[in-house]
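Colleague: okay, sequence plus prediction incoming.
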Amino acid sequence: MTEQGRAGLGAPVADQRPAGPDEAATADQVVFAGVHKWYGDAPAVHDFNLAVAKGEFVTLLGPSGSGKTTSLRILAGLESATAGEVYLAGRAVTDDVPERRNIGLVFQNYALFPHMTVAQNIAFPLQMRRMKKAEAERQIDRVLTMTRLTSFRDRYPRQLSGGQQQRVALARAFVFDPSVLLMDEPLGALDRNLRDHMRLELKSLQQRVGATVLYVTHDQDEALALSDRIGVMHEGVLQQTAAPDELYEEPVNSFVANFLGQSVCLPATRVEKGEHTIVEVEGMAGRILVDKDNDCSAEPDGEFMIRPERLRIGADRPDASERNAVRCSVVTQVYLGPQIEVHLRTDEGAEMQVMAPSAARSEFAAGTSHWLSWAASDCRFLARVT
Ligand SMILES: Nc1ncnc2c1ncn2[C@@H]1O[C@H](COP(=O)(O)OP(=O)(O)OP(=O)(O)O)[C@@H](O)[C@H]1O
């Protein structure tokens with residue numbers, strides 16, 4: 001292991017699971033330990049630490065260029081790490097050629113061989129592994145049944161729909177019983193309806209066979225629907241890895257809060273830290289009480305954050321002392337069927353949106369004044385990462 005790799009083991013940035021191979025070797029199917037990747041003098045992945053347990057579905061979620069694909073390619077052996085180690089089932093594979101890693105790959109463009117039938121496409125990885133013909137036939141039948149493709153076995157890819165082609169790609173990845181499946185935007189080329197449908201199929205398939213999956217997407221709905229845990233990436237750095245609900249409820253910084261779900265994030269300054277943290281928020285009068293202070297730095301500057309569904313609007317100022325309240329007026333409202341989205345501006349100029357039932361839409365005409373309130377326990381003070 002390189003020195004930088006060793007250094008990374010002691011300091012997993014955001015993954016709460018053990019990242020070192022010694023503790024993780026038996027329990028974890030995949031371990032990234034202090035992985036760095038530089039292209040020339042440009043960093044693509046920085047000190048990446050992640051452990052994926054056997055049978056777990058973990059998604060790397062992040063905007064374009066955040067280092068998701070590079071991390072996957074390093075694990076597959078298609079790219080070499082500048083520093084750090086990767087382990088599969090407790091074995092260091094950093095220097096192994098891709099064929100020795102026993103990894104199944106599924107990409108957005110399926111990469112099926114056009115001149116081969118469905119069955120021949122699926123047989124390909126077994127031929128590469130020189131599997132005996134009778135055993136190969138058994139395995140092909142198994143995955144054809146699993147992906148509901150038995151009646152399509154003699155068709156060519158051009159005779160299949162996009163969803164069917166993607167199922168062939170899945171069958172081909174599952175057929176040699178890989179220790180881990182890596183999927184890079186595998187549903188990206190499908191239209192919305194088919195994508196939603198394939199999502200369910202993929203999840204149920206993964207659960208049935210207990211496959212370990214590392215998945216890449218920039219689609220947060222897809223990540224939420226599929227994953228046991230999600231790792232949010234930004235500029236090559238894994239910001240936080242957690243279960244979907246924890247990531248939504250307990251984001252560690254403003255980037256995670258903004259990337260997953262809607263949030264109101266406003267620049268804020270901490271003026272007191274005690275039982276409650278007290279902050280001054282840009283565009284809000286007075287001092288705001290915050291129960292959850294995630295910014296560990298000594299710096300007073302950070303971000304005030306609250307999810308819009310935790311905000312209440314009403315005609316009167318609430319008198320409970322633990323509730324924050326600011327005066328605001330309606331800028332406009334957007335009708336969305338069962339709900340309306342009310343766009344508000346505080347008297348001091350901060351803009352935000354809240355949802356309200358459509359039945360109440362006459363109360364929120366443009367220009368009308370209201371009190372916006374929320375509990376101290378529902379808002380956070382976060383480190384600013386933009
Ligand atoms: N072969 C390469 N040579 C030089 N730079 C590269 C190479 N591959 C990737 N990069 C750079 O590394 C960074 C991370 O790229 P990567 O493809 O891992 O991001 P990503 O999060 O998967 O993005 P996307 O969602 O667009 O696929 C980007 O800045 C990209 O331009």
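Modeller: Looks like it came in fine.
Colleague: low-confidence regions, the stretch 101-250 of the chain specifically.
Modeller: Applying pLDDT under 70 to the stretch 101-250 of the chain picks out residues 110.
Colleague: flag every residue of it that's near the ligand.
Modeller: With C-beta under 6 Å from any ligand atom as the criterion, the stretch 101-250 of the chain comes near the ligand at residues His218. Heads up, the C-betas are built off the backbone N, CA and C, glycines and all.
Colleague: taking the stretch 101-250 of the chain, what residue is nearest to the ligand?
Modeller: Relative to the ligand, the nearest point of the stretch 101-250 of the chain is His218 (5.1 Å; C-beta to the nearest ligand atom).
Colleague: for that residue, give me its contacts.
Modeller: For His218, the contacting residues are 61-64, 68, 185, taking C-beta atoms under 8 Å, 6 or more residues apart in numbering as the criterion.
Colleague: list just the nearest of the residues you listed to Val118.
Modeller: Here the nearest of these to Val118, counting by C-beta to C-beta, is Glu185; it sits at 22.3 Å.
Colleague: where do the helices sit along the stretch 1-150 of the chain?
Modeller: Listed in chain order, the helices found in the stretch 1-150 of the chain under DSSP state H, counting those that start in this stretch are 3-9, 21-24, 68-76, 118-128, 133-146.
Colleague: just the buried residues of the contacts of His218.
Modeller: 61-62, 68, 185 (16 or more other C-beta atoms under 10 Å).
Colleague: I figured Leu105 hits Ala173, correct?
Modeller: Yes - with contact taken as C-beta atoms under 8 Å, Leu105 and Ala173 are classed as touching, separated by 6.3 Å.
Colleague: quick one on the thing from earlier: ok, which of the helices of the stretch 1-150 of the chain comes nearest Ala33?
Modeller: Taking C-beta to C-beta, helix 3-9 is the member of these nearest to Ala33, at 5.0 Å.
Colleague: now that closest one: mean pLDDT?
Modeller: Helix 3-9 shows a mean pLDDT of 30.
Colleague: any idea how this protein splits into domains?
Modeller: Partitioning the chain according to the TED database yields domains covering residues 30-249, 263-382.
Colleague: could you work out the end-to-end span of the last one for me?
Modeller: So the one you mean is domain 263-382. Using C-alpha to C-alpha, to the nearest Å, the end-to-end distance of domain 263-382 comes to 12 Å.
Colleague: buried ones in the helix or strand hosting Glu246?
Modeller: In this structure, Glu246 is located in helix 244-249 according to DSSP states H and E. Using 16+ other C-beta under 10 Å as the test for burial, helix 244-249 gives 244, 247-248.
Colleague: tell me what that helix is packed against?
Modeller: strand 229-234 (3 or more C-beta pairs under 8 Å, 6 or more residues apart in numbering; DSSP states H and E).
Colleague: CA atoms only: put the strand it packs on into PDB for me.
Modeller: Once non-C-alpha atoms are left out, strand 229-234 reads as follows in PDB (Å, rounded to 0.1, in the frame of the first residue of the first chain):
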ATOM      1  CA  ARG A 229     -27.000   4.200   1.200                       C
ATOM      2  CA  ILE A 230     -26.100   7.200  -1.000                       C
ATOM      3  CA  GLY A 231     -22.700   8.800  -1.200                       C
ATOM      4  CA  VAL A 232     -23.000  12.500  -2.400                       C
ATOM      5  CA  MET A 233     -20.000  13.600  -4.400                       C
ATOM      6  CA  HIS A 234     -18.800  17.200  -5.200                       C
END
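Colleague: can you give me phi and psi for Asn102?
Modeller: Note on Asn102: backbone dihedrals following degrees, to the nearest 10 are phi 50, psi 50.
Colleague: His218 now?
Modeller: Backbone geometry at His218, expressed as degrees, to the nearest 10, gives phi -110, psi 10.
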